[in-house]
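K.L.:
Give me the fold of what follows.
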Amino acid sequence: MELKKNPFPSPYRLKADEDVIFVGGKLDNVILKAAYYQGIFPWPMEGFPLLWHCPNPRGILDFDDIHIPRSLKKTLNKNPYTLTMNHAFPAVITACAKIPRTDQSGTWITPTLHAAYIRFHEAGYAHSVECWHDNALVGGLYGVYLSGIFSGESMFYMKSNASKLCFLFLVEQLKKKGLSWIDIQMVTPITKLLGGKYISRKDFLARLEHEHAKGVSEKIEF
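P.N.:
Sure thing, here's the model as predicted:
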């Protein structure tokens, strides 16, 4: 992938205790591509200009380490939901922005970010998984695929286990495409339960470069 209009310095230049690599800039498709290609993502914070992060340590999940709790296996066996991909991206990101979080007030999915990722989805880089029950959207997640790496961004649920099922469904789709791990950025209680872990930023960037070296397509079709 040829990086054009790339304002970001190399993440290798960050000190071990530094996560923010760039401040400001526009949220357009070209900049988002340049960011994700280098393992960088936007994370707005109230009262600050737009902040771009490459955290240390970095959350990832190796598909060989997937753990499915017993209660979740029961839900999988009952199969009460319908799971889809890219059927309702705007609805998913809107729900992710609105759902209350016990560990934060407000949302980092600002109107500007919301609009930017819808454009990124329309360009074929951002993807969603939807969980339906009786034709109602009860869970979902979205993230970005670029050049061999899928980076999870946010998830929500309104019925028990809905977001976990979305995550497991995504993993199965990615495995079919030849991927063996996913960038989860931060390890949340849900991703930790499923097998998520932290690795150093240096190790994450090495993984990133390894995937890019395979010369796979920028986009993925589901």
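
K.L.:
use CA for all of it now, contacts and neighbours both
P.N.:
OK.

K.L.:
Please enumerate the strands of the protein.
P.N.:
For the chain, strands defined by DSSP state E occupy the ranges 20-23, 41-42, 51-53, 58-62, 82-85, 126-133, 136-146, 149-157, 181-185, 197-199.

K.L.:
ok, the residue lying farthest from the centre of the chain to residue 66 distance?
P.N.:
Distance from the centre of the chain peaks at residue 78, with 27.3 Å (CA atoms, centre = their mean). Distance from residue 78 to residue 66, counting by CA to CA, to the nearest Å: 20 Å.

K.L.:
Report the buried residues of the helix or strand bottoming out on mean pLDDT in the chain.
P.N.:
Lowest on mean pLDDT, DSSP states H and E among the helices and strands of the chain sits helix 70-78, with a mean of 87. Residues of helix 70-78 classed as buried: residue 72 (neighbour count, 16 or more other CA atoms under 10 Å).

K.L.:
Just the CA trace of it, in PDB.
P.N.:
Output of helix 70-78 as PDB, limited to C-alpha atoms (Å, rounded to 0.1, in the frame of the first residue of the first chain):
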ATOM      1  CA  ARG A  70     -20.100 -22.600  29.300                       C
ATOM      2  CA  SER A  71     -23.000 -20.100  29.500                       C
ATOM      3  CA  LEU A  72     -22.100 -18.800  26.000                       C
ATOM      4  CA  LYS A  73     -21.900 -22.300  24.600                       C
ATOM      5  CA  LYS A  74     -25.500 -22.800  25.800                       C
ATOM      6  CA  THR A  75     -26.600 -19.700  23.900                       C
ATOM      7  CA  LEU A  76     -24.800 -20.800  20.800                       C
ATOM      8  CA  ASN A  77     -26.500 -24.200  21.000                       C
ATOM      9  CA  LYS A  78     -29.900 -22.500  21.300                       C
END
